[in-house]
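[1] my questions are about this predicted structure, shown below with the sequence.
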Number of protein chains: 2
Amino acid sequence: MYYIVVYDVEQKRVSKVCKFLRRYLHWVQNSVFEGELTEGKFMEMKFKLMQIIDPKVDSVVIYTLDFRWRGREIIGVDKNRVDIFV
Amino acid sequence: MYYIVVYDVEQKRVSKVCKFLRRYLHWVQNSVFEGELTEGKFMEMKFKLMQIIDPKVDSVVIYTLDFRWRGREIIGVDKNRVDIFV
């Protein structure tokens, strides 16, 4: 399956969540990751993520897509491209 | 078509972009909107958004889905729910 993960967590946990998600998915931009994962890897990621965030204040939305998105366009800077080449 | 829009823009334009996108889509969480739009409305939104952001520093990623996502789960707080009921 293909996943898009967006998170809105307290400032003190932002870097921890970001570093953690990099182990599973591709960084797209501030607070957004995406990529393909097996069911097992997805469950593992979700389980560990639950330990890292505070579910009373933080929020993580996970979109599961059957296929990749049909289209994906970037208006402005492609931050991921900058991230790779700088 | 169904769209997911995530943005990473300079602090001074965050509120303007957020207010603008509310006119077209549903707010999901910090910097994330989603919803169904006609082709015409989508083009209008994109065109106007280009006038609001600074394409040299800001970034907006737009995912176009044929159908709605297959799954969508929230870990932690459903910020949209809070937004509606508070």
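    Ah, there it is.
[2] what are the ranges of the strands in chain A?
    A:2-8, A:26-29, A:32-36, A:59-65, A:71-76 (DSSP state E).
[3] give the contact list for the residue nearest to the spatial centre of chain A.
    Residue closest to the average C-alpha location in chain A (Cα atoms, centre = their mean): A:F33, at 2.8 Å. Applying Cβ atoms under 8 Å, 6 or more residues apart in numbering or on different chains to A:F33 gives the contacts A:Y3, A:I4, A:V5, A:L21, A:R22, A:Y24, A:L25, A:H26, A:W27. From N, CA and C alone the C-beta is placed, and that goes for glycine too.
[4] and the furthest pair within those?
    A:I4 and A:R22 (15.0 Å; Cβ to Cβ).
[5] tell me which of those two has more neighbours.
    A:I4 (25 against 11; other Cβ atoms under 10 Å in any protein chain shown).
[6] look up how far chain B lies from the more buried one.
    7 Å (Cβ to the nearest Cβ, to the nearest Å).
[7] correct me, but that residue touches A:V32?
    Yes - taking contacts as Cβ atoms under 8 Å, A:I4 lies within contact range of A:V32: 7.2 Å.
[8] OK, contacts around the closest residue to A:E39 other than its chain neighbours?
    The shortest distance from A:E39 to any non-neighbouring residue, by Cβ to Cβ, 6 or more residues apart in numbering or on different chains, is to A:M1 (7.2 Å). Counting by Cβ under 8 Å, 6+ apart, A:M1 touches A:E36, A:L37, A:E39, A:F42, A:T64, A:L65, A:D66, B:R70.
[9] quick revisit: turn the buried ones among the contacts of A:F33 into a named PyMOL selection, would you?
    The PyMOL selection below is limited to those of these classed as buried (16 or more other Cβ atoms under 10 Å in any protein chain shown):
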select buried, chain A and resi 3+4+5+21+24+25+27
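[10] cool, thanks, signing off.
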